[in-house]
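[1] Structure of the sequence below:
(2 chains)
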Amino acid sequence: MTDLADTPIASPEDTTALSTAPAPPQQPARGVARTLRYGWRRLTSMRTALLLLSLLALGAIPGTLLPQRGLNPVKVDDYIAAHPHLGPLLDRLSLFDVFAAPWFAAIYLLLFISLIGCLVPRIRLHARALRRRPPHAPRNLLRLSTSARWTAADEAARIAAECSRTLRAGRWRVDVSEEPDGAVTVAAEKGYLRETGNLLFHVSLVVLLAGIALGGLFGYKGTALVVQGQSFANVRSSYDVFQPSRLYSDSSLAPFSFTLDRFTAAYQPDGTPENFDAKVSYQPRPDGPVTTSDVRVNHPLHASGANVYLVGHGYALRIQVRDPHGRLVYDSATPFLPDTSMFASHGVVKVPDGLPHQLGLTGFFYPTYVATPAGPDSSYPAPRDPVLLLAAWRGDLGLDRSAQSVYSLPVASLHHIANAQLSPGESWRLPDGTRVTFVGVDQWATFQVAHDPGKNVMLGAAVLIVTGLLLSLRVRRRRFWLRARPAPAGDSSRRTVVEAAGLARTDSERFAVEFSDLVQRLGAPAAVTTEED
Amino acid sequence: MPGTSINLGLAHVSDRLLVWTVVAYALAMLGYAAEFAFDRRAERAKDPRSRRQVSSRAGLIAVGLTVLGWALHVGSVTTRGLSVHRVPWGNMYEFSSMVSLVAVTVFLVLLARQRVRFLGLFVMAPVVLYLGLAGTVLYANAGPLVPALNSYWIKIHVVAAITASGAFMVSGVVTVLYLLKERWERRTVSLGPGAAAAVEVGTPPTESVPEARRGGLMAWLPDAARLDRLAYAVVSFAFPIWTFAIIAGAIWAEQAWSRAWGWDPKETWSLITWLAYAAYLHARATAGWRGRRAAVLSLIGFGCLMVDYYVVNTVITGLHSYAGIS
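    Just a heads-up that it's a prediction; the model follows:
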């Protein structure tokens, strides 16, 4: 638990003058209780907090240097394959899942327990300090490093009243009291917002963690590929990949749907992407009104509590297959997956039914075809000169045996028939009379749907974190005392002796200026303010 | 923005202005060095007063050159932005230029409020080096933004990150000076009460004071306690801004990548930086940690910041790979 304060300046009278740290427990304890109490005090001490902060930072470092499953599982597998001895060892230490590792969770949970353990007593103390009067003036004000002494013609009570009025106008908290010897003292304090901000900042950190936990327990996210002209309905079976959270239930899927009306991509002359835009028609409920919307990078669609993001795109090729009698047995916009930044892509067509034998097509697609010494390639991501290279395979596609990717074909167990190169509109007749037509080029886009119920809690906590931080670092807490003592009865001058002193925990240079302004307004001659150590 | 052409003439003007900025800053740096040199010699000279005048005149000229360099720097950044019709912090070159601009601005603002001209030499030296590197190694030709950066959040998130980084750079400089001065003070005190005074005057008291020559610069610096307070003041300005930068980044990430936080290397290193500076702020309020140890934590924080910008962008691949260098 931070104090975020500058070196405390203790007054000689009261060494804990500005300290709000909890006093150590006084009552004696034995055995287990004592050990527990000792352990608790250790855990909630600033040193432990420092240690845990440093450990958290250190622990995060391997998560940025080693590949992480949460970011790129393929890279992790590659790494383990490349380091057969080190890899499994690192894996056992959860170093490929640092941010989900038990030891990482242990560090931040201990840090938060330490934080809460420190916060609770400090909140109580601060609440008490807020209700309490400013602390009474030390007996000898002139012993404080920032102090002043002068004499005035006015009566003590009037000086005190004037002082109290000035301080109140400056939004100080003021307490006036009379001492047995006739002296009137004014005690004032200002800058309570510093500790308020400090506590607010730390409480908000706990709230932020709660918000993160909320999202982790009840949220979901998933991705789906949608070909232009087709629709997506928010049910679990629509997703290609779906990641529910621990306490997720299907009922938290809002019943929205949308149709990808049109996807456009703009590129610079060198092929680097400039702009993507997915135009969709969105329907919040099956019987709800349809609205059109643009989903772009940095511009998700807000769909009944979930957000729909545009995360990827590629080409879907309209391919038709007719049997030797001219009957249509396959007619679909088949998504091809991009392999290069110029969108050289690969894909597969599977025709299990309608032909005498099962037919498979493996294809490579080049939106802007070029022949290079290394083979065919694409030189630009937009379809300027689209070419589809196809290979036809015959045999058992194995569709009924096991689930398999729609983007691959078990070619090892198939019989290769022939190859062809097609441009849009061209047809290819296989030896058995089957006709394959490359009708045209469509686009697809992948969307990620994410629902995070903790989002607003996190946002609110973040706002309070910054607010609390600014208060705790900008507001200065300071105290001011003034004592006006009537001259002793025998003194003929009938003058009042005024002593004033101040104490600031932070920025004592600025406080010295503030103090000297203040006492001059209260009637001190300019020269009397003293600054000594 | 897409499709708009790049004004190459203006981009060229921006590059030339940056060269002149570096020249002005380098001359300012010489001025600050001269201020120190003449001030030291003044103590031994027959006519110290005229030497002192030379010294303070050199200092004033240096400040003038810093302001001139700053104006040229603002010009360079502005013309760069105008030439590409976007904010001028879209790649590492532009970002580095902005960070040094902020560092110089922070120095000038401090200069207007308190006596910190002694910092001139130590702020200008890394700024000149940094701009030199930015203009050569990190340089990227003027061009439009990649789509991922095309959002108004680039104004909010990146401006906050740049401002905090520029300020952290100044606090890093002051912290290094603090550590040097603190060590010097400890050594001179351990040599006996007379040693500090002797070095202060510039005459080595005995043969056994190896610090005496270096003491010239050390004695000239303000005392360690003041440097410590100055470093703290700058960090306490930068830290909330850095916090805000991370939060704004998380909000942007939520808009762009569907999650506020994903432990991307850039995100993680900004958190590590944040934790290091948070540890510094805590350490400053913890007995046994204030002073030297806290200062070391602050420098570790600055090191993490540098890793965050340069190692993460060039070595580690992540979502923030917009370096623009190849």
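
[2] Now residue A:326: closest residue in space that isn't a chain neighbour?
    Among residues not flanking residue A:326 along the chain, residue A:435 sits closest, at 7.7 Å (C-beta to C-beta, 6 or more residues apart in numbering or on different chains). (Each C-beta comes from the backbone N, C-alpha and C, glycine too.)

[3] brain fart, residue B:156
    Nearest non-adjacent residue to residue B:156, counting by C-beta to C-beta, 6+ apart: residue B:248, 4.9 Å away.

[4] Show the average pLDDT along the helix or strand hosting that neighbour.
    According to DSSP states H and E, residue B:248 maps onto helix B:224-257. Average pLDDT, helix B:224-257: 92.

[5] Now do the buried residues in it.
    Buried residues in helix B:224-257, counted by 16 or more other C-beta atoms under 10 Å in any protein chain shown: B:224, B:226-257.

[6] near chain B at all, stretch A:116-132?
    No - with C-beta under 8 Å from any C-beta of the partner chain as the criterion, chain B is not reached by stretch A:116-132; the gap is at least 11.0 Å.

[7] where does chain B have low pLDDT?
    Low-confidence segments of chain B (pLDDT under 70): B:1-5, B:41-48, B:147, B:190-215, B:316-326.

[8] what does stretch A:259-275 contact?
    By C-beta atoms under 8 Å, 6 or more residues apart in numbering or on different chains, the surrounding residues in contact with stretch A:259-275 are A:226-232, A:276-281, A:292, A:296, A:313, A:341-342, A:379-382, A:443-445, B:2-3, B:144, B:146-147, B:150.

[9] meant to ask about stretch A:293-311, not that
    Identification of contacts with stretch A:293-311 by C-beta under 8 Å, 6+ apart yields A:223, A:234, A:254-256, A:258, A:275-282, A:284, A:445-451, A:453, B:147-148, B:150-151, B:153, B:252, B:254-258.

[10] ok, now with 7 Å
    Residues from elsewhere that reach stretch A:293-311 (C-beta atoms under 7 Å, 6 or more residues apart in numbering or on different chains): A:223, A:254, A:256, A:276-280, A:282, A:284, A:445-451, B:147-148, B:150-151, B:255-256, B:258.

[11] That one: end-to-end distance?
    For stretch A:293-311, the separation between the terminal residues is 16 Å (C-alpha to C-alpha, to the nearest Å).

[12] Mind listing what's buried along it?
    Across stretch A:293-311, burial judged by 16+ other C-beta under 10 Å covers A:293, A:295-301, A:303, A:306-311.

[13] Now do it: distance to the chain's middle.
    Relative to its parent chain, stretch A:293-311 has a centroid offset of 19 Å by C-alpha atoms, centre = their mean, to the nearest Å.

[14] before we move on, what about stretch A:307-327?
    The answer for stretch A:307-327 is 38 Å, by C-alpha atoms, centre = their mean.

[15] Could you give me the buried positions within that stretch?
    Those would be A:307-311, A:313-323, for stretch A:307-327 by 16+ other C-beta under 10 Å.

[16] which ones among those are found in strands?
    Under the assignment DSSP state E, the buried residues of stretch A:307-327 contribute A:307-311, A:313-322 to strands.

[17] Lowest mean pLDDT among the helices and strands, pick that one out for chain A.
    In chain A, no helix or strand scores lower on mean pLDDT, DSSP states H and E than strand A:530-531, which sits at a mean of 47.

[18] hang on, residue A:119 in a helix?
    Yes - according to DSSP: H, G, I helix; E, B strand; the rest coil, residue A:119 belongs to a helix.

[19] Can you give me the distance of it to chain B?
    For residue A:119, the distance to chain B (C-beta to the nearest C-beta, to the nearest Å) stands at 14 Å.

[20] neighbours around that residue, how many?
    Residue A:119 is flanked by 19 other residues according to other C-beta atoms under 10 Å in any protein chain shown.

[21] Measure how the helix holding residue B:248 sits relative to strand A:306-322, angle-wise.
    Here the directions of helix B:224-257 and strand A:306-322 differ by 40 degrees (axes from the mean of the first three to the mean of the last three C-alpha atoms, to 10 degrees).

[22] Tell me the residues of the stretch 201-326 of chain B that contact chain A?
    Residues of the stretch 201-326 of chain B lying near chain A by C-beta under 7 Å from any C-beta of the partner chain: B:232, B:236, B:239-240, B:243-244, B:247, B:255-256, B:258-260, B:263, B:265, B:268-269, B:271-272, B:275-276, B:278-279, B:281-283, B:285-286, B:289-290, B:316.

[23] 6 Å instead?
    For the stretch 201-326 of chain B, the contact set with chain A under C-beta under 6 Å from any C-beta of the partner chain comprises B:236, B:240, B:243-244, B:247, B:255-256, B:258, B:263, B:265, B:268, B:272, B:275-276, B:278-279, B:281-283, B:285-286.

[24] helix/strand/coil for residue B:131?
    Residue B:131 ends up helix, using three-state DSSP.

[25] Where do the helices of the stretch 151-300 of chain B begin and end?
    In the stretch 151-300 of chain B, the helices defined using DSSP state H, counting those that start in this stretch lie at B:153-190, B:193-201, B:211-220, B:224-257, B:265-283, B:292-306.

[26] out of the ones you listed, deepest packed?
    Of the helices of the stretch 151-300 of chain B, the one with the most neighbours on average (mean count of other C-beta atoms under 10 Å in any protein chain shown) is helix B:265-283, at a mean of 24.

[27] what's next to that one, contact-wise?
    Applying C-beta atoms under 6 Å, 6 or more residues apart in numbering or on different chains, the set of residues contacting helix B:265-283 from outside is A:2, A:4, A:50, A:53-54, A:56-57, A:60, A:63-64, B:239, B:246, B:289, B:294, B:297-298, B:300-301, B:304-305, B:307-308, B:312, B:316, B:318, B:320.
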